[in-house]
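**Q** Sequence first, predicted model second:
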Amino acid sequence: MSSAPICYLTSCKAWDVDLQCPEDHLWPSKILGINVKATFIASQKTEREDEEGKKSGMARIIVQQESHKLRLEQLLNDVVTKDWNDTNIYDVLDSMQIPIGRSTVDEIVGCALGMVAKESYKNRKVLRMRVEIEVLVDEQPNLAEGDAYCIDAEADDFWETAEAFRKLRKVVVEEPVENLCSICLVGFLEGSEISATPCSHVFHDRCIRAWLKKCSKKFCPNCVTILA
């Protein structure tokens, strides 16, 4: 297994949308319509003072939502002939200033391939997908006015969770491993990306991040090493 610093992606979910529009038949070739909602959480800590003078941590959140239409044939050709990171999905994420990790592309492309395999979608000209991404960033993206909106949210234990996320490292499974993810008790696929803690225990990325979000104390579930 090889490791490299991980980007601060907290979650990526993709699912198909069973929707048809009257104008779909006008497209000359099959199209993949992707609606992407990206939530950027700025890592710089800010404080707000209430009427009684009590200070509380705040997280600045920027939400951007865009729809993109991609040629399905091009996507499928890229998947077959190239690394998945060279697909037109990469261009969509890059245009929205979303930090791109392999697990993100895997999630979206995997959903697209699942839609193509569905019998109910076989004769449709337009396949539709919804993608929601949440990402921790060091600096707020420079988005055009009107493309996004900002909100401030109570931080609670956000900063401890963010610090724990920063300590995770990306690990590529280069050969079969016998150990399981101790959170979901499922094995690791060869070629997939997983996350390693500073104490060298490995987990599915979504499993360890969900664990750290849920626990008030940020520790490794295997050895209870404190991460933040």
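**A** Yep, that arrived.

**Q** can you pull the buried residues of stretch 16-32?
**A** Going by neighbour count (16 or more other CB atoms under 10 Å), the buried part of stretch 16-32 is 16, 30, 31, 32. Just so you know, the C-beta spots here come from the backbone N, C-alpha and C atoms, and that holds for glycine as well.

**Q** Quick one: end-to-end distance for it.
**A** 10 Å (CA to CA, to the nearest Å).

**Q** Which parts of this structure belong to which domain?
**A** The record's domain parsing of the chain by automatic domain parsing lists 7-155, 156-228.

**Q** what about the lengthiest helix in the chain, distance to the chain center?
**A** Taking DSSP state H as the criterion, the chain has its longest helix at helix 102-117. In this view, helix 102-117 has its centroid 12 Å away from the chain centroid, taken as CA atoms, centre = their mean, to the nearest Å.

**Q** that older thread, restricted to strands, list the buried residues of stretch 16-32.
**A** Of the buried residues of stretch 16-32, the ones assigned to strands by DSSP state E are 16, 31, 32.

**Q** ok, now which ones touch the nearest residue to the first one once chain neighbours are set aside?
**A** For residue 16, the nearest residue in space outside its immediate sequence neighbours is residue 115; the separation is 4.8 Å by CB to CB, 6 or more residues apart in numbering. Residue 115 is in contact with 16, 32, 121, 127, 129, counting by CB atoms under 8 Å, 6 or more residues apart in numbering.

**Q** hmm, try it at 7 Å
**A** Contacts for residue 115 (CB atoms under 7 Å, 6 or more residues apart in numbering) come out as 16, 121, 127, 129.

**Q** Most widely separated two among the residues you listed?
**A** Spanning the widest gap among the contacts of residue 115 are 121 and 129, at 10.9 Å by CB to CB.

**Q** These two: which is more packed in?
**A** Taking neighbours as other CB atoms under 10 Å, residue 121 and residue 129 compare with residue 129 leading, 20 against 17.

**Q** Can you tell me who that one pairs with across the strands?
**A** Beta-bridge pairing of residue 129, defined through DSSP bridges, involves residue 16, residue 34.

**Q** Quick check: it vs residue 173, distance?
**A** To residue 173, residue 129 is 26 Å away according to CB to CB, to the nearest Å.

**Q** ditto for residue 87
**A** For residue 87 relative to residue 173 (CB to CB), the value is 21 Å.

**Q** Out of these two, name the residue with the larger neighbour count.
**A** For residue 87 versus residue 173, the count of surrounding residues by other CB under 10 Å is larger for residue 87: 21 against 17.

**Q** The more buried one - nearest residue in space that isn't next to it in sequence?
**A** That would be residue 78: by CB to CB, 6+ apart, it lies 4.2 Å from residue 87.

**Q** follow-up on the earlier one: I'd like the buried residues of stretch 16-32 as CSV, with distance to residue 39 and pLDDT appended.
**A** What follows is the buried residues of stretch 16-32, written out as CSV (distance: CB to CB, whole Å; pLDDT from 0 to 100):
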residue, distance to residue 39, pLDDT
16, 21, 93
30, 30, 92
31, 26, 92
32, 22, 93
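
**Q** In this structure, mark out all the strands, start to finish.
**A** Going by DSSP E, the chain shows strands at 2-5, 9-17, 31-42, 46-49, 55-71, 126-137, 148-154, 169-172, 193-196, 202-203.
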